[in-house]
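Asker: Provided below are the primary sequence and the corresponding predicted coordinates.
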Amino acid sequence: MTNDHSVQALVESFAVRVQAHAESAVESRVRQVLASLLTPGRPIPGPKRSRLLSAEAARAPLSAKAARGRRLQGQYLGALRSLRGAARERVKRTARAEGVAAAVKLAASLRT
C-alpha cells in the first residue's frame, strides 16, 4: 500500500512539474510575440512571418531583370536535369566560370 502511495505521489509531482514547464514555455512565447508586435521594425517571430513574406513577394511584380534571371535559372536547372555524369559537371563548371547563360548554351549543345 505504501508503494502505491509513493508511486502516485511521484506521478503527481511529475505531472505538476510538466504542467508548470508547459505554462512557462507558453508564457515566454506569448511575451516574445507581444514584444515583437509592440516594437516597431522588429520582425514577428514564427513560421507565419515567412509565409506572409513569400505571399507578398509572389504578388509583387518582378522587374525585367529579375524575370530574365529567373527564366535563365529555370532553363539552367532544366538543362542540368537532363544531363548525367561528366557532362553535368562540365556544365556546372561552366556556370561558375563563365556564367549561367553560357552553361545553358553548353548544355543545349551537349543534349543534341
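Answerer: Thanks, I have it.

Asker: what's the single longest helix in the protein?
Answerer: If you go by DSSP state H, the chain has its longest helix at helix 2-38.

Asker: which parts of this protein belong to which domain?
Answerer: 1-60, 62-112 (automatic domain parsing).

Asker: roughly how far out does the shortest one sit from the chain middle?
Answerer: In other words, domain 62-112. Put simply, domain 62-112 sits 24 Å off its chain's centre (CA atoms, centre = their mean, to the nearest Å).

Asker: any idea which helix or strand in the protein has the lowest mean pLDDT?
Answerer: Within the chain, no helix or strand scores below helix 47-59, which has a mean of 61 by mean pLDDT, DSSP states H and E.

Asker: where does the chain have low pLDDT?
Answerer: Low-confidence regions of the chain, defined by pLDDT under 70, span residues 1-2, 41-59, 112.

Asker: try 50
Answerer: Scanning the chain for pLDDT under 50 picks out no residues.

Asker: now do S6 against E89, distance only.
Answerer: Separation of S6 from E89 (CB to CB, to the nearest Å) stands at 67 Å. Every C-beta, even on glycine, is put in place using the N, C-alpha and C of the backbone.

Asker: what of H5?
Answerer: From H5 over to E89 the distance is 70 Å, taken as CB to CB.
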